[in-house]
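Novice: I would like to see how this sequence folds:
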Amino acid sequence: MRSALRAFSTVLIAAGVLLLMDAGLTLAWQEPVSALYARLTQGALGDDLEDLEGAGPTSLEQRVLNSLPDQQRRLAFLGRSLKQRLDGGEAAGRIRIPSIGVKFVVLDGTRDEYLRKGPGFFPETPFPGSGGTTAIAGHRTTYGAPFNEIDQLGPGDAIVVEMPYARFEYRVERKRIVEPDDFWVTQRVGYERLVLSACHPLYSAAQRIVVFARQVRVEPRARGLDT
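Specialist: All right, here's what the predicted structure looks like:
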């Protein structure tokens, strides 16, 4: 009986070791592969974004811009217009977070297949310049892990979002850990705000880490915005 128990225990231990090795190899292998995929797709998205930026406002958009009385309304119009033109999964802008070395093209939408290519704008929130809260989601551990270190961001850290029509600079105000269904984080407030969201803790989707940042500067990029 004792021999049988020892043999059974040995089998269980060996099985446990093999499962741990399998999990470790999966994590070690998956991240380089997914990171390479994200890097390749980011390159293609960067080219698409440059084409979008180079095209500038359409002739119809330019006529509307000429009729609007101030820059704020022109920014809001171009933000709404760009959002309507994109079909989802396309390059929409770029995010830079100097303090943690982030520089990624941001896609329109947050479907799983989109987030494998890079961070994405929440479809329920407006693009920057539209007068509300803009939200961006991103992975922390796979597919390039664009938001891997957003837990290190602190008050005053800069976040830059470059859209084809303007460059928006934000300063971090605070961070919070919330539940996945805490949709209040994307509500409008009394100023232009950016929200970054990612799964928390690492290797888990149990909660979300959310970074709140306030817009502090706008630099027009499109024709007709600087008048």
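
Novice: All the helices of this structure, residue numbers only.
Specialist: For the chain, helices defined by DSSP state H occupy the ranges 2-55, 59-67, 71-85, 112-115.

Novice: Quick check: the closest residue to residue 82 other than its chain neighbours vs residue 89, distance?
Specialist: Nearest non-adjacent residue to residue 82, counting by C-beta to C-beta, 6 or more residues apart in numbering: residue 127, 6.1 Å away. C-beta coordinates here come from the backbone N, C-alpha and C atoms, glycine included. Distance, residue 127 to residue 89, by C-beta to C-beta, to the nearest Å: 15 Å.

Novice: neighbour-wise, which of the two wins?
Specialist: residue 127 (27 against 15; other C-beta atoms under 10 Å).

Novice: quick one: contacts for the nearest residue to residue 195 once chain neighbours are set aside?
Specialist: Closest residue to residue 195 apart from its sequence neighbours, by C-beta to C-beta, 6+ apart: residue 135 at 4.3 Å. Listed by C-beta atoms under 8 Å, 6 or more residues apart in numbering, the contact partners of residue 135 are 121-122, 124-125, 185-186, 194-197.

Novice: hmm, 7 Å instead?
Specialist: Residue 135 is in contact with 122, 125, 186, 195, 197, counting by C-beta atoms under 7 Å, 6 or more residues apart in numbering.

Novice: does the third one really touch residue 121, like I thought?
Specialist: No - under the contact definition of C-beta atoms under 7 Å, residue 186 does not touch residue 121, with a separation of 11.0 Å.

Novice: Which of these two has more residues huddled nearby?
Specialist: The neighbour comparison of residue 186 against residue 121 (other C-beta under 10 Å) goes to residue 121, with 26 against 17.

Novice: Who does the more buried one form a beta bridge with?
Specialist: Beta-bridge pairing for residue 121 (DSSP bridges): residue 108, residue 136.

Novice: and it, how far is that from residue 164?
Specialist: Using C-beta to C-beta, one gets 13 Å for the distance from residue 121 to residue 164.

Novice: coming back round to it: contacts only, for the residue nearest to residue 82.
Specialist: By C-beta under 7 Å, 6+ apart, the contact set of residue 127 is 79, 82-83, 121, 134, 163.

Novice: Can you tell me which of the residues you listed are buried?
Specialist: Among these, those buried by neighbour count (16 or more other C-beta atoms under 10 Å) are 79, 82-83, 121, 134, 163.

Novice: Great, nothing more from me.
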